[in-house]
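Engineer: Sequence first, predicted coordinates after that:
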Amino acid sequence: MKRLKRVLINKLVGHGDEFYNLPLEIPDDRIESNDSNPSVGPPTKKRKTMPKKELGQIATNAKRKSIVEETIAEMKAQSCGPMSDQGGLQLLNVLNPSFGGRGEAYDAREANRNEEKAKLVVKTIRLDAVEKIDEIAAEAHYLRRLTHPNIVSLHSTLVMDSQIYIVLHFASYGGDILSSSYQNGIPEKAISLVCKQLFTAIQYIHKQNILHRSIRASHILLDDSGTVKLSGFRYARCLQDNPMNAITDFDAHLESSLLWLAPEVLAQDLHGYGLPSDIYSLGITMCEIANGYPPFSDMQLLEMMLAKSRGTIPRLLDSTTCPAKLSKEQNARTFSPDFHALVMCCLSLKPSLRLTIGQCLETPFIAKRRKKPLPSYIPQAVPIDKK
């Protein structure tokens, strides 16, 4: 696959001189001569050695491949009969298409347990969907490793009848609350409660040097009690050695998350990106659940990438920002200064200027106590098994 930035430059060339001088740094496989006159200097030479970061990336990719192979082997080892024999699991209703049409998601129940504890969600994918198997295996690997009340819980994984089954504990409210019930965004008090739990989950994985890479509203689930469950770990990466290390990979799977990705992820240069890129995605996600849609979604892909590279910071849409463009409902609301401040601190162009996840948890917007439980602030939300 061609590097995304090279594609961007090719598109910019067609616009003439308007974008000619844009400072787009692109790693090259050549080194330039030190001679001030290139016409008479020695020819350009190829690098003979590979940079340490590239060597580290190869090692990371090799480790990831090994994890995928081991996880699939574990799935097969656990598979020993028809689905109904695995703990008495029963598939009930199809919830929604999954994995780009190559599989499905069902609600299910486990026999011999009370109704609430027996509720599960089963994701299936065909084994012939080769390009998706590594995502499934990666998600299963991280969910087995991570144990936290605000991270979706893995029940089991099975491989049977040319299908992979990922069995998760049920969450009543999926990531489609915005599109189905709150198209102009959910109330601020609900956002505060959601973010407090979400930040706690991110702090937990960051302490283990795990980069989520796909934080967005659709990966935030809620159970009946209002407990947030973070999902979407199939794109996660484990940073090597310490949190200061960075990775440089940009695989095809990330193309579905471009709106939420940090500028340094899109830059694809040798500086790479690390844990602060998740903080940027959190800022975008807060705008998404407050405004009802993600920032930059009204732009063309090229326009969005240029806006991010130039440091454009999205805003919460209310009466204090741009009332002339808003609906009556949005124009009638005013988000608190603490909420505005938190979003701004997460969306700085420079990763070093963003808050850490620990600092996010200490901000007034998150630390403020709410009198009611989360479900009481979103009464219009409909459980996914009731639709």
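Structural biologist: Yes, it's here.

Engineer: need the helix or strand of this protein with the lowest average pLDDT.
Structural biologist: The weakest-scoring helix or strand in the chain, judged by mean pLDDT, DSSP states H and E, is strand 30-31 (a mean of 38).

Engineer: all strands of the stretch 151-300 of the chain, in order?
Structural biologist: 154-160, 163-169, 210-211, 220-222, 228-230, 237-238 (DSSP state E, counting those that start in this stretch).

Engineer: For these, give me CSV that also has mean neighbour count.
Structural biologist: Quick note: C-beta positions are derived from backbone N, CA and C, even for glycine. CSV is the format used below for the strands of the stretch 151-300 of the chain (neighbours: other CB atoms under 10 Å):
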stretch, mean neighbour count
strand 154-160, 20
strand 163-169, 21
strand 210-211, 22
strand 220-222, 24
strand 228-230, 23
strand 237-238, 18
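
Engineer: Listing request: residues of the stretch 151-300 of the chain with sub-threshold pLDDT.
Structural biologist: 241-244 (pLDDT under 70).

Engineer: would you list every one of the helices in it?
Structural biologist: Here the stretch 151-300 of the chain has its helices, by DSSP state H, counting those that start in this stretch, at 177-180, 188-207, 263-267, 276-291.

Engineer: Output the shortest one as CSV, restricted to C-alpha atoms.
Structural biologist: Okay, so that is helix 177-180. The C-alpha coordinates for helix 177-180 follow below in CSV (Å, rounded to 0.1, in the frame of the first residue of the first chain):
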residue,chain,number,x,y,z
ILE,A,177,-26.6,6.1,20.9
LEU,A,178,-25.8,9.3,19.0
SER,A,179,-27.3,8.3,15.7
SER,A,180,-30.3,6.6,17.2
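
Engineer: got the buried residues for it?
Structural biologist: Buried positions in helix 177-180, judged by neighbour count with 16 or more other CB atoms under 10 Å: 177, 178.

Engineer: Give me whichever of the helices of the stretch 151-300 of the chain is most buried.
Structural biologist: Comparing the helices of the stretch 151-300 of the chain by mean neighbour count (mean count of other CB atoms under 10 Å), helix 276-291 ranks first with a mean of 24.

Engineer: of all the strands of the stretch 151-300 of the chain, which lies closest to residue 200?
Structural biologist: strand 228-230 (8.5 Å; CB to CB).

Engineer: helices or strands up against the closest one?
Structural biologist: helix 188-207, strand 220-222 (3 or more CB pairs under 8 Å, 6 or more residues apart in numbering; DSSP states H and E).

Engineer: counting contacts, what elements does the shortest one pack onto?
Structural biologist: If contacts are counted by 3+ CB pairs under 8 Å, 6+ apart, strand 220-222 sits against helix 188-207, strand 228-230.

Engineer: Then the first one?
Structural biologist: If you count contacts as 3+ CB pairs under 8 Å, 6+ apart, helix 188-207 packs onto strand 220-222, strand 228-230, helix 276-291, helix 337-346, helix 357-361, helix 364-367.

Engineer: Just send the ones you listed back as CSV, with distance to residue 264 too.
Structural biologist: Below are these laid out as CSV (distance: least, CB to CB, whole Å):
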stretch, distance to residue 264
strand 220-222, 23
strand 228-230, 22
helix 276-291, 6
helix 337-346, 14
helix 357-361, 17
helix 364-367, 24
